[in-house]
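*Asks:* No letters, just coordinates:
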């Protein structure tokens, strides 16, 4: 099926931020830090607090309605992601979810085992794993090309060669390099070597929820607040691995897969509100495509719709910044190879440039974005950081043109 043109007016009508004074006249390019929340999420969160803010799953109406909505969120997101319902867990953040997983692997790895991490990652999917070295677990670093930021699977093959690696942790795409890594290929390499794969999808999922089942990843992590939802971390753990790892929750919850890696009780209202993400994706599908009963198919179509729109907007921005002598573009210059997260290394502190852009109605930021390792590996001055310009599918061509004009003036 061909991908239609995105109806941007419809999309923006689903996000209340675009009608709020003080936001509606701004060009928002800080989406990698967190997206606007869509209307269905806000409506569900408000309804939960008004009508269902009780202990869920009890024998009375409000409790049953609250529990049902929490279950609905898990069911519908799992269906889009192509996994089983109980393979989806919620936690306070992706950073917290990764920390809990690291504790499970700390107890679950046999003596002599090794893990692989990259220096392309955001610190959330690097630091907790690296600390396992303190427990006697060998940590091997899969390193990026210092010129391009690229992760070469050939280099991973060498790290896996002796058969001792039990886990490979890597990003779907980095929050500064932004190159889309071949997840299915890497997960298959890990599996062939007897290792599980843990994919940080925080910087990819906002551009279309992936079919995790098709990718073959054992763990896939992303953040709801970057996929138009509330501040929750969403975690897919495939059954075979989840049941093999030591339980990190209450002992009496050990037989429930989605409770094994949530030591604290979840935020009931925010979990329930995550069903609003599915509401929005379904509305987006039905606006652009014929009816389809299979949620996984709907999710793939919406993924492709978002990506096509973003790629069409991204290439002019990449072309504009690539032509500047005093600007270093981090990551590929081809839009189809990356997410629309554009990090620029400048000859001055990036935060000051972001502040100048803010005065022109361009909302973005400058800094290291918890990506100190990849930036340092690429020779970026950490004190200067990078100017990061990030957008999602609700961005329009006019926003990008406005950004390019502002960059021409500021730079």
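*Replies:* Structure received. Note that the coordinates shown come from a computational prediction; the quantities given were computed from them, not determined experimentally. Numbers count the residues shown, from 1 in each chain.

*Asks:* which residue ranges form the strands in this protein?
*Replies:* Ranges of strands in the chain, per DSSP state E, are 27-28, 88-91, 114-118, 138-142, 165-171, 196-200, 219-223, 233-237, 328-329, 341-345, 362-363, 365-367, 386-390.

*Asks:* Which residue lies nearest the spatial centre of the protein?
*Replies:* For the chain, residue 202 is the residue whose C-alpha lies nearest the centre (Cα atoms, centre = their mean; 1.6 Å).

*Asks:* how close does residue 36 get to residue 226?
*Replies:* Separation of residue 36 from residue 226 (Cβ to Cβ, to the nearest Å): 10 Å. The C-beta positions use only the backbone N, C-alpha and C, and glycine is treated the same way.

*Asks:* phi, psi of the residue nearest to the centre of the chain?
*Replies:* Note on residue 202: backbone dihedrals following degrees, to the nearest 10 are phi -60, psi -40.

*Asks:* residues in contact with it?
*Replies:* Counting by Cβ atoms under 8 Å, 6 or more residues apart in numbering, residue 202 touches 94, 122, 124-125, 171, 175, 221-223, 226.

*Asks:* now swap in residue 61 and tell me
*Replies:* No residues are in contact with residue 61 under the rule Cβ under 8 Å, 6+ apart.

*Asks:* cool, the one 3 residues further on as well?
*Replies:* Remark: with contacts taken as Cβ under 8 Å, 6+ apart, residue 64 is in contact with 56-58.

*Asks:* Same check on residue 321?
*Replies:* By Cβ under 8 Å, 6+ apart, the residues touching residue 321 are 327, 329, 342, 344, 407.

*Asks:* hmm, 10 Å instead?
*Replies:* Contacts for residue 321 were tallied using Cβ atoms under 10 Å, 6 or more residues apart in numbering; they are 327-329, 333, 342, 344, 387, 389, 403-404, 407, 411.

*Asks:* how many neighbours does the residue nearest to residue 110 when sequence neighbours are not counted have?
*Replies:* Nearest residue to residue 110, sequence neighbours excluded (Cβ to Cβ, 6 or more residues apart in numbering): residue 166, at 7.8 Å. Residues within reach of residue 166, counting by other Cβ atoms under 10 Å, total 20.

*Asks:* And the one 4 residues further on, by the same measure?
*Replies:* The burial count assigned to residue 170 is 26, neighbours taken as other Cβ under 10 Å.

*Asks:* pretty sure it contacts residue 152?
*Replies:* No. Using Cβ atoms under 10 Å as the test, residue 170 is too far from residue 152 to be in contact (11.9 Å).

*Asks:* Residues that sit against both of those two, list them.
*Replies:* With Cβ under 10 Å, 6+ apart as the test, residue 170 and residue 152 both reach residue 142.

*Asks:* follow-up on the earlier one: ok, the contacts of residue 321 vs residue 109, which is closest?
*Replies:* Residue 109 lies nearest to residue 342 out of the contacts of residue 321, by Cβ to Cβ, at 37.6 Å.

*Asks:* Which residue, neighbours along the chain excluded, lies closest to the closest one?
*Replies:* Nearest residue to residue 342, sequence neighbours excluded (Cβ to Cβ, 6+ apart): residue 389, at 4.5 Å.

*Asks:* From the chain's centroid, how far away is the single longest helix found in the chain?
*Replies:* Using DSSP state H to define each element, the chain has its longest helix at helix 295-322. Computed by Cα atoms, centre = their mean, to the nearest Å, the chain-centroid distance of helix 295-322 equals 15 Å.

*Asks:* Could you tell me the average pLDDT over it, please?
*Replies:* Here helix 295-322 scores 98 as its mean pLDDT.

*Asks:* Please identify the buried residues of it?
*Replies:* Neighbour counts over helix 295-322 (16 or more other Cβ atoms under 10 Å) mark 295-303, 305-311, 313-315, 317-318, 320-321 as buried.

*Asks:* Residue ranges in the stretch 51-200 of the chain under the pLDDT threshold?
*Replies:* Of all residues in the stretch 51-200 of the chain, none has pLDDT under 70.

*Asks:* cutoff 90 now
*Replies:* Across the stretch 51-200 of the chain, the ranges flagged by pLDDT under 90 are 124-125.

*Asks:* Enumerate the helices of it by residue range, in sequence order.
*Replies:* With DSSP state H, counting those that start in this stretch, the ranges of helices along the stretch 51-200 of the chain come out as 61-81, 94-108, 127-130, 153-160, 183-192.

*Asks:* packing partners for the third one?
*Replies:* Okay, so that is helix 127-130. Identification of packing neighbours for helix 127-130 by 3 or more Cβ pairs under 10 Å, 6 or more residues apart in numbering; DSSP states H and E yields helix 94-108, strand 114-118, strand 138-142, strand 165-171.

*Asks:* mind redoing it with 7 Å?
*Replies:* Applying 3 or more Cβ pairs under 7 Å, 6 or more residues apart in numbering; DSSP states H and E, we find helix 127-130 packed against helix 94-108, strand 114-118.

*Asks:* Most tightly packed of the ones you listed?
*Replies:* Per-stretch averages of neighbours, counted by mean count of other Cβ atoms under 10 Å, single out strand 114-118 among these, with a mean of 24.

*Asks:* Could you tell me how many residues sit around residue 163?
*Replies:* With other Cβ under 10 Å as criterion, residue 163 counts 10.

*Asks:* how near is it to residue 192?
*Replies:* 10 Å.

*Asks:* Quick check: the gap between the residue nearest to residue 342 and residue 364.
*Replies:* Using Cβ to Cβ, one obtains 5 Å as the distance from residue 389 to residue 364.

*Asks:* swap in residue 113?
*Replies:* Residue 113 is 42 Å from residue 364, by Cβ to Cβ.

*Asks:* Looking at those two, which has the bigger crowd around it?
*Replies:* Neighbours around residue 113 and residue 364, counted as other Cβ under 10 Å, are more numerous at residue 364. The numbers are 25 against 17.
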